[in-house]
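Participant: Attaching a predicted model along with its sequence, questions to come.
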Amino acid sequence: MSKPESQEWILEEENELRIEVDFDTKVKLRLITGTAEVFGTELAQNIDYEFTGRKLAIFTWHGCKLVMYGKCSVEYIANETPMVSYLNMHLALEQRRILATQNNGQGPRVLIVGPNDVGKTSLSKMLLSYALRQNRHPIYVDLDCSEGSITMPGCLTATPLTEMIDVEEGFGSSATSAPTAGSAVMPLAYYYGFPSPKDNSKLYGLLLSRLAQSVSRRLEEDDAARKSGIVIDTNGLIDSTGYEIIANCIKAFSVDVIIVLGHERLYSDMTRLHQKSGVAVIKLAKSGGVVERDSSFRRQTQNHKIREYFYGTTKNELAPYSTMINYHDVEILRVGEGSLAPSSALPIGEDRKVSETHVVKVDPSEHILLHSVLAVSNADKMKSEEEILETNLAGFIYVSEVHEARKKMTVLSPCPGRIPKKYWWLGSLQWAED
Ligand SMILES: Nc1ncnc2c1ncn2[C@@H]1O[C@H](COP(=O)(O)OP(=O)(O)OP(=O)(O)O)[C@@H](O)[C@H]1O
């Protein structure tokens, strides 16, 4: 086989190499001399990093030489980046952590807001990586239910971080390999099941409060996390529902710093609405490198993420277990069935909100289950709708086959043996194993 073509890149200080790699391509990158980082995580010299289906920047503070093997769909060097302002932001947060350490107080609780595709997740990674590089142990709260940076899409999660974020897979590989590889990254996840907070704002609000309670309990017990603080990543929240969610979030997580990325009006509104209550509102510029991702790219990223959950990555392969399950051994649930009906179709006088957190039992069938990814609840009993909705997740399973006549299904799971929990959430996540 011929060696993939190689290309050398020399970067001056404070420049970045921006690349886009398609899903059917592999690109390897090696740092030869100098220093470089990917969203805050430093590259080691003379190690090959492999990327597939990624859009990213390799930034250098002091200059570096890189070699790249393989073909990117986009590749260019940029010498104008907002990285100095991002570093200054980190230094300001670090000052708050130092103060918290001196006074035995709380570190910064940062909320990052802005429209879609402005670099909120990338900035979260950078601020978290810089904190980790200073031996801090921050908590990453991911409220972006469309993306699922840390576990599957459709979840609200909180993850105490103690290890550096992976250069190749972001949060992905470490978090998803947790069930079997015993990684230190173990997200606490609640199941929401919709791509946007607007799809079921009542449920979203409920889970947001539940997650915030769990995070504050963790902060009470974990000294290092309390002093390091939290970073909250969000969906694009720029309309009235978004403003409501931001207000809920500020209250629930006692946010004291809001970073507004790339949106003047949102910054002005946040300053007007929240600065009086002692919250620092800071505006940061969007990086020119942030790429808009169309729905097909987002879908491919989602498939990649699901595959990684069950099969791991090339560096850390996993072998999922296949188990046969009787229909009657599990209870398949879904949320807010009623909310799918248009308001005009609801009985007169019935409030649409009533049904938004309604839990519906689903009759298993091939049509509904085949190729679905289901979230396994940690609940053992279903005492009330609210209680089961507010129970966190044990993990995910994938329905690979349905044997309708025998009333059984074959599922893939990351752990061997019987699946210990019987309440499984059905959302809109589908995956055809490739
Ligand atoms: N400087 C950069 N150079 C190249 N690509 C970048 C850069 N910054 C971010 N990206 C890429 O741009 C895409 C969008 O960035 P990101 O996910 O951080 O935005 P977001 O605001 O969190 O999006 P959303 O809220 O819509 O999910 C990602 O694929 C990310 O890796």
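Facilitator: Done, it's in.

Participant: quick one, phi psi at whichever residue of the stretch 301-434 of the chain sits closest to the ligand?
Facilitator: As assessed by Cβ to the nearest ligand atom, the ligand sits closest to Thr301 within the stretch 301-434 of the chain, at 8.0 Å. Placement of C-beta: from N, CA and C, glycine included. Backbone torsions for Thr301, taken as degrees, to the nearest 10, come to phi -60, psi -40.

Participant: gap between the residue nearest to it when sequence neighbours are not counted and Phe23?
Facilitator: Among residues not flanking Thr301 along the chain, Gly53 sits closest, at 6.5 Å (Cβ to Cβ, 6 or more residues apart in numbering). Distance from Gly53 to Phe23, counting by Cβ to Cβ, to the nearest Å: 4 Å.

Participant: The ligand contacts on the protein?
Facilitator: When proximity is defined as Cβ under 6 Å from any ligand atom, the chain approaches the ligand at 18, 55-57, 116-122, 144, 147, 235-236, 287, 289-291, 293.

Participant: Any of the residues you listed buried? List them.
Facilitator: 18, 55-57, 118-122, 144, 147, 235-236, 287, 289-290 (16 or more other Cβ atoms under 10 Å).

Participant: Might you list the low-confidence residue ranges for the stretch 51-200 of the chain?
Facilitator: 172-185 (pLDDT under 70).

Participant: Please enumerate the helices of this structure.
Facilitator: 83-103, 120-133, 172-176, 178-181, 201-221, 223-228, 240-252, 264-274, 295-311, 352-356, 366-369, 385-389 (DSSP state H).

Participant: Among these, show me which one is buried the most.
Facilitator: helix 172-176 (a mean of 25; mean count of other Cβ atoms under 10 Å).

Participant: Between Gly53 and Phe23, tell me which one has more neighbours.
Facilitator: The residue with more neighbours, out of Gly53 and Phe23, is Gly53; 17 against 13, by other Cβ atoms under 10 Å.

Participant: which residues touch the more buried one?
Facilitator: 21-23, 300-301, 304 (Cβ atoms under 8 Å, 6 or more residues apart in numbering).

Participant: hmm, back to that, let me see the backbone angles for the residue nearest to Thr301.
Facilitator: phi 60, psi 50.

Participant: Distance check, it against Phe39.
Facilitator: In terms of Cβ to Cβ, Gly53 sits 16 Å off from Phe39.

Participant: same question, Pro82
Facilitator: 13 Å.

Participant: What's opposite the residue lying closest to Tyr398 once chain neighbours are set aside in the beta bridge?
Facilitator: Excluding its sequence neighbours, the residue lying closest to Tyr398 (Cβ to Cβ, 6+ apart) is Leu412, at 4.4 Å. Beta-bridge partners for Leu412, by DSSP bridges, are Ser322, Tyr398.

Participant: Give me the neighbour count for Leu412.
Facilitator: Number of residues near Leu412 (other Cβ under 10 Å) recorded here: 21.

Participant: who are the neighbours in contact with it?
Facilitator: 310, 320-322, 397-398, 400, 433.

Participant: Kindly provide the distance from it to Leu333.
Facilitator: On the measure of Cβ to Cβ, Leu412 and Leu333 end up 20 Å apart.

Participant: Show me what stretch 274-288 is in contact with.
Facilitator: With Cβ under 8 Å, 6+ apart, stretch 274-288 has contacts from 57, 78, 80-83, 85-86, 89, 114, 118-119, 122-123, 247, 250, 255-262, 264, 267, 270-271.

Participant: The helices of the chain: which one's closest to Phe194?
Facilitator: helix 201-221 (7.8 Å; Cβ to Cβ).

Participant: quick check: mean pLDDT across the closest one?
Facilitator: The pLDDT scores in helix 201-221 average 93.

Participant: If I take that helix and helix 240-252, what angle do their directions form?
Facilitator: Interaxial angle, helix 201-221 versus helix 240-252 (axes from the mean of the first three to the mean of the last three Cα atoms, to 10 degrees): 20 degrees.

Participant: what's helix 201-221 packed up against?
Facilitator: If contacts are counted by 3 or more Cβ pairs under 8 Å, 6 or more residues apart in numbering; DSSP states H and E, helix 201-221 sits against strand 139-142, strand 155-160, strand 188-191, helix 223-228, helix 240-252, helix 352-356, helix 385-389.

Participant: try 7 Å this time
Facilitator: strand 139-142, strand 155-160, strand 188-191, helix 223-228, helix 240-252, helix 352-356 (3 or more Cβ pairs under 7 Å, 6 or more residues apart in numbering; DSSP states H and E).

Participant: could you redo those as TSV and give each row distance to Leu370?
Facilitator: Output for the helices and strands packed on helix 201-221, formatted as TSV (distance: least, Cβ to Cβ, whole Å):
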stretch	distance to Leu370
strand 139-142	29
strand 155-160	22
strand 188-191	20
helix 223-228	41
helix 240-252	34
helix 352-356	27
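
Participant: Which among the ones you listed is found nearest to Gly105?
Facilitator: helix 223-228 (7.8 Å).

Participant: In terms of secondary structure, what does that closest one contact?
Facilitator: Against helix 223-228 (3+ Cβ pairs under 7 Å, 6+ apart) you get helix 83-103, helix 201-221.

Participant: how about a cut-off of 10 Å?
Facilitator: Counting contacts by 3 or more Cβ pairs under 10 Å, 6 or more residues apart in numbering; DSSP states H and E, helix 223-228 packs against helix 83-103, helix 120-133, strand 139-142, strand 155-160, helix 201-221.

Participant: how about JSON lines for these, with distance to Trp425 added?
Facilitator: Formatted as JSON lines, the helices and strands packed on helix 223-228 follow (distance: least, Cβ to Cβ, whole Å):
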{"stretch": "helix 83-103", "distance to Trp425": "35"}
{"stretch": "helix 120-133", "distance to Trp425": "24"}
{"stretch": "strand 139-142", "distance to Trp425": "18"}
{"stretch": "strand 155-160", "distance to Trp425": "10"}
{"stretch": "helix 201-221", "distance to Trp425": "12"}
